Every structure is written in structure tokens, then in C-alpha cells.
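Asks: just coords:
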């Protein structure tokens, strides 16, 4: 029978559905037909596969070749199907044995010389193959990345000839092993930021409870430096979280580097970024910045300079922790558990209330500038803090702040308290969980009631104040939420003027 069947994987959002590659050789006029909803990159595989087979000294069958990529209603993209298509043609024509094809899954882009080139999404594909009990053969570079899935059987190959020698039983493929991770991810140190004790305290609270932050202050006060150092005080990622991050980043255009294992992502898109760049999309949906910042930090500098429609797409992911990208023919669901850190100036020129005499902005200009950020989005940001100009003595003196390692130790203690109590950070508590775990003492309740009346806090802001107070109490190591904790939480809900 001149039919060969083997397996590969497609990519659909964060999933990697199984693709059955069927190669059939028939009599008739020579031709090469590729079916199964292939996109342009897959259609071009016909020429790559033909040249790779011929340059590897195999015979390209002079028959009618039909290759089917099933299921037929699943779009197929990229060059990852080159290797299984080539192996299917060789097996159908009797040039390689078929016995070992069904026990493995195959993916790799072929160069015209028969060499294998790395592919995108290797980690996500190996996840699926591991669940189905099959091993996976990949290009050497992609195999090292995919070997981070410890329980998977991943093999790397450099060329089509190596794969065929393995199938003939003449040369085994080396099982891929993940590169040893760095002893500890390196981050910029918080001690490098001079002064700004209040802002550092706010970031410590944000790190302990996974809260979002908005920093308001004039240019050059250290807002970007503070944001870049937030990942260094976040709790260490678990292995499962690190695998989620690695699998998602492997879907992006830049891929995943094993050297970044367990390193918290820090994404800082420019303010000209589009809504699709933030949430993801495309004809074949790919993750956007909010998903690539999974378990890390999304930093939006110069927040009012972003297009208002772009900022509004953040509202739902900040609440749900997921984002669904819908297109006419496809839908993809991506995780979006990130910490938002935003920075802005107090006015268009940046010097409102600072550096006496330098600000020339009118009240209308200031109102329009701040009006670029909608109230519903501001309401979803837990901490809104001022980052004032640094005094000359602090700026020119020796660093006096704590290093990131010391702050992270306190954050991790508070984070462990939250996991033991409710299994999640405080920022992600539901309303029922807030009622169970975030009840302040009588004085704190009275203070919060007064603040709601004077500050016109919304129901969402009320719940976020309670979650902030819970985090502050956890940092203090106390089970009860006192009026002091509530008072500190309330002061973070007022946008600095």
C-alpha cells in the first residue's frame, strides 16, 4: 500500500491540536497536491521538500503525490510540517520503514539542503504529544527548548538524513536535555534607586499581593527605574508557572530562550502600540503583550500617550486574567495574569506642582491630558501613587535603601501566607473570598465607610481597598486588618494632584 500515516501538531492559541499527515502515491500524471486547509507557508513546503529530498540523495517519486493534513477544517501554518511531509513521501515510496513513524510526532522546517531549522511553538506542541504518550522529534535548537517539559521524550536532529538513519535503525537520535538553568535570575537592584521610600513601599505591597500600580510624577524621578525593578522583588516562580511562561513565549515571534528560565517577564511596549499588539490577534492569532507578560510585569510608560481605545482593551483582562481573541473564522484564548505598572506625568509638560515656575499648562490642558485615561480603567488600578522629585541630598549621597533581596524576603513571606490561607494572591480574590478573608476591625470598617462617603469610592474601589488592606496586614504578619492597614490602603486610591 502506497499510503503512509504519521503525526504532527498545529498551533491554535495556546493549544497544539494533533494533525495527522497522510501521504499517498498514485499512478497518473506526476504532480504534488497538498490539502487540508494549508496556508501559504505550508503550500510552499512542496518546493522545499522536493529540493531537500533530492539534495539528500533520495529519489523524489515521479508519481501523483497527495498529502493530506487532517483535520481538514483546522488551518495549518508555518514550515513545521516540512519534516513530516518529507517523511510521509519517503515512507509511501518505500525508501524508509514505516514501523517507527506512528510512535513519534514530527515537526521541523527543511532547508533546501535537507538541514532542519528551528520552529515556533515547540514547547506547546511537546505538551500535547506528552499527554498522548508519544515522543517528539524536532530540530536540535527547538528540542533543547522543548526538553524543559521534563516528562516528555524529546529528540533533536540536525538534518533529514539523521532522521532517516534513525528510522532505519542505523543511528540513534540523541535525547534532548534542557540546559541547566541559571542559579538565580538576575534583575536590576532596587537599591540603585535613590530616595523614593514611599514608592518603594507601594511596590512592595504590589509585589506581595499581585496588585496593579500607577505612578504619577515629573520626568526624571525614577518611575521607569522603579518599574524595571519590580520583577526582582516578586516571589520566585514555581516550575508550573515557569513552564506556562516558556510555552507562551515560544508562541511569540521572538521565541523562548532557556537562559530566561524562571525569570519574571518584563514587557514594556511603546505608546504607539496597537490594540492587537497588546491583546494579540492576526489571521492566525498570536499572543499579545498582556499574555507575553504572563506571571510578570506589563509596564506602560507615558500612559496618557497611548491611544484611548488601546487602553480600554486592558479593562477585561485586568478583571478576568484571560483574553479571548475572536476573528471571523477563528477564536483563541490566551492567559493574561500579569501585573500592570503604569507611569505618567502630572500634566503635558510634566512639571505641575514641581520645580516652581516651570509649568505653563492651563487647567483645561491638564484636564484633557488626564482625561485620556478613562475612569473605569483607573478604577481597576489598585495603587495610585506619587513619585516626587528626589532631594539633592538623597540624589548625591550614598544609596541608603534596601536591596531587592531583602524586600523580596518580606514579599515571599506575605505571599506564602496568602497561598496557605486562600491558595491565590489577594488581588485575585473573588467577592465571596473578600467577605471571608478581608474583614477589617470595627475602627477600620468605620474609617472605610467615611472614606467611601468623602471620596465617592465605587463598589470596585471598595473591594480593592479591602484587598490592599489584607496585603498590608499580611506584610505586617498579622491576621487581623486594623484601622492602620485600612488607612494606608485608602491613601493609595487617590490619584495624586
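Replies: Received, thanks. For clarity, every value in this text was computed on a predicted model and none was experimentally measured.

Asks: got any ranges where this protein has weak pLDDT?
Replies: Applying pLDDT under 70 to the chain flags the ranges 1, 179-183, 328-329, 354-357, 495-497.

Asks: domain ranges for it, per the record?
Replies: Domains of the chain are assigned by automatic domain parsing as 3-167, 190-402, 429-497.

Asks: so which of those domains comes closest to residue 413?
Replies: Residue 413 lies closest, by C-beta to C-beta, to one member of the domains of the chain: domain 429-497, at 7.3 Å. Just so you know, the C-beta spots here come from the backbone N, C-alpha and C atoms, and that holds for glycine as well.

Asks: show me the helices in the stretch 351-497 of the chain, by range?
Replies: With DSSP state H, counting those that start in this stretch as the criterion, the stretch 351-497 of the chain has helices at 363-371, 375-379, 392-396, 404-422, 431-437, 442-455, 459-476, 483-491.

Asks: nearest to residue 163, of these?
Replies: Proximity to residue 163 (C-beta to C-beta) singles out helix 404-422 among those, at 44.8 Å.

Asks: show the contacting residues for residue 230.
Replies: Shown in contact with residue 230 (C-beta atoms under 8 Å, 6 or more residues apart in numbering): 203, 206-207, 213, 266, 297, 339, 341.

Asks: of the residues you listed, which belong to strands?
Replies: Among these, DSSP state E puts 213, 266, 297, 339, 341 in strands.

Asks: for those residues, work out which two are farthest apart.
Replies: Pairwise distances across the ones in strands among the contacts of residue 230 peak at 13.8 Å for 213 and 266 (criterion: C-beta to C-beta).

Asks: quick one, which of those two is more surrounded?
Replies: residue 213 (26 against 19; other C-beta atoms under 10 Å).

Asks: isn't that one right up against residue 387?
Replies: No: using C-beta atoms under 8 Å, residue 213 is not in contact with residue 387, being 10.4 Å away.

Asks: could you give the number of residues near residue 64?
Replies: Look at residue 64: counted by other C-beta under 10 Å, it has 15 neighbours.

Asks: same check, this time on residue 171
Replies: Around residue 171 there are 14 residues (other C-beta under 10 Å).

Asks: three-state assignment of it?
Replies: The three-state label given to residue 171 by DSSP: H, G, I helix; E, B strand; the rest coil is coil.

Asks: what sits closest to it if chain neighbours are left out?
Replies: Sequence neighbours aside, residue 165 is the residue nearest to residue 171 in space, at 3.9 Å (criterion: C-beta to C-beta, 6 or more residues apart in numbering).

Asks: would you say the one you found is within a strand?
Replies: No: secondary structure of residue 165 (three-state DSSP): helix, not part of a strand.

Asks: ok, now how distant is it from residue 136?
Replies: 18 Å (C-beta to C-beta, to the nearest Å).

Asks: and those two? Which one has more around it.
Replies: A side-by-side neighbour count of residue 165 and residue 136, using other C-beta under 10 Å, places residue 136 first with 29 against 16.

Asks: right, and the more buried one touches residue 124 too?
Replies: No: checked against C-beta under 8 Å, the pair residue 136 and residue 124 is beyond contact range at 11.4 Å.

Asks: how about the strands in the stretch 51-200 of the chain?
Replies: Assigned by DSSP state E, counting those that start in this stretch, the strands in the stretch 51-200 of the chain fall at 64-70, 104-106, 109-110, 116-117, 135-139, 154-157.

Asks: can you lay out these as TSV showing distance to residue 455?
Replies: TSV is the format used below for these (distance: least, C-beta to C-beta, whole Å):
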stretch	distance to residue 455
strand 64-70	59
strand 104-106	58
strand 109-110	58
strand 116-117	58
strand 135-139	56
strand 154-157	56
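
Asks: and residue 226, its phi and psi?
Replies: Dihedral angles of residue 226 (phi, psi; degrees, to the nearest 10) stand at phi -60, psi -40.

Asks: thought it was touching residue 201?
Replies: No: judged on C-beta under 8 Å, residue 226 makes no contact with residue 201 at a distance of 11.2 Å.

Asks: ok, those two, which is more surrounded?
Replies: residue 226 (25 against 16).

Asks: output the longest strand belonging to the protein.
Replies: In the chain, with assignment by DSSP E, the single longest strand is strand 18-26.

Asks: contacts for that strand?
Replies: Strand 18-26 has contacts (C-beta under 8 Å, 6+ apart) with 2-10, 36, 61, 63-71, 74, 76, 81, 84-85, 88-89, 91-93, 106, 128, 132.

Asks: cool, stretch 453-464 as well?
Replies: Stretch 453-464 is contacted by residues 379-380, 382, 431, 434, 448, 451-452, 465, 490, 493-494 when judged by C-beta under 8 Å, 6+ apart.

Asks: the same query, at a cut-off of 10 Å, please.
Replies: Applying C-beta atoms under 10 Å, 6 or more residues apart in numbering, the contact partners of stretch 453-464 are 211-212, 319, 375-376, 378-383, 426-427, 429-431, 434-435, 438, 448-449, 451-452, 465, 489-490, 492-494.
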